[in-house]
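1. Just to be clear, the model below is a prediction. Sequence and coordinates:
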Amino acid sequence: PNNAANKSIVTATPTAGDADLALLSGQSIQNVAVVEFDFVATGPTLHFDFVFASEEYPEYVNSINDSFGFFLSGPGIAGAFSGGAANIAIVPSTTTPISINTVNNGLNNSGACTNCTYYYNNSAIGVNPTAWNPAYTTQYDGFTRDLSASATLICGQTYHIKLAIGNASDNLWDSAVFLKNFSIPPMVLT
């Protein structure tokens, strides 16, 4: 459970810099973690669910903007990131990337909120505190509700995806992304 505010493990030798995350965040990036791979589309859509969590919540909203992205590139994809990739980690029904600054209950969970429908206050302060709800056993002070990432693919074509997360400006107050249900449902012929 979240029983310690601002819990963090400072990395002795952090991996610094990621151009795509810096573009999203608007800040220098530290402590980068990246997983990337190619895949062949076996169906017309890519879909997976995720939750973004951070210890930067709620004290650093609109100041330190820890960021992450799901950068997809390949046929039919056009975006502003490396290799023409598009970020598919966005606030539902928008083109807004998800980050500390774009999904929150305001500074110290005290409003004015930004896309707060998608935010869960996992701390004991501000608007809708959890009082350490045992249903959520994660140390992070705040996180998004379950969200989905998706993209239209061309069946049989090769795509590249880069899943990246990093701390903005410092090597403190960890953030994380939790993924599930990564799938490319096969094309159904009728």
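-> Cool, the structure landed. These numbers come from a predicted model, not from an experiment.

2. Report the buried residues of stretch 35-42.
-> residue 41 (16 or more other C-beta atoms under 10 Å). The C-beta positions use only the backbone N, C-alpha and C, and glycine is treated the same way.

3. Now do that stretch: distance to the chain's middle.
-> Chain-centre distance of stretch 35-42: 19 Å, with C-alpha atoms, centre = their mean, to the nearest Å.

4. who's in contact with the nearest residue to residue 128 once chain neighbours are set aside?
-> Among residues not flanking residue 128 along the chain, residue 121 sits closest, at 5.1 Å (C-beta to C-beta, 6 or more residues apart in numbering). Listed by C-beta atoms under 8 Å, 6 or more residues apart in numbering, the contact set of residue 121 reads 57, 58, 105, 109, 127, 128, 129, 130, 142.

5. now residue 117
-> Contacts of residue 117 (C-beta under 8 Å, 6+ apart): residue 145.

6. Would you agree it falls within a helix?
-> Yes. Under DSSP: H, G, I helix; E, B strand; the rest coil, residue 117 sits within a helix.

7. do you know how far it is from residue 76?
-> 30 Å (C-beta to C-beta, to the nearest Å).

8. quick one: residue 58 is in a strand?
-> No. Counting by three-state DSSP, residue 58 is not part of a strand but coil.

9. What number of residues are in the vicinity of it?
-> 26 (other C-beta atoms under 10 Å).

10. Surely it and residue 109 touch.
-> Yes. Using C-beta atoms under 8 Å, residue 58 is in contact with residue 109, at 4.2 Å.

11. quick one: common contacting residues for those two?
-> 121, 123, 125, 126, 142.

12. which among those residues end up buried?
-> 121, 123, 126, 142.

13. can you give me the strands in the chain?
-> Per DSSP state E, the chain carries strands over the ranges 29-40, 45-54, 67-73, 86-87, 119-121, 142-144, 147-152, 158-168, 175-183.

14. what's the closest of these to residue 20?
-> Comparison of the strands of the chain against residue 20 by C-beta to C-beta identifies strand 67-73 as nearest, at 5.5 Å.

15. So which elements touch the closest one?
-> On a contact count with 3 or more C-beta pairs under 8 Å, 6 or more residues apart in numbering; DSSP states H and E, strand 67-73 meets helix 19-25, strand 45-54, strand 86-87, strand 158-168.
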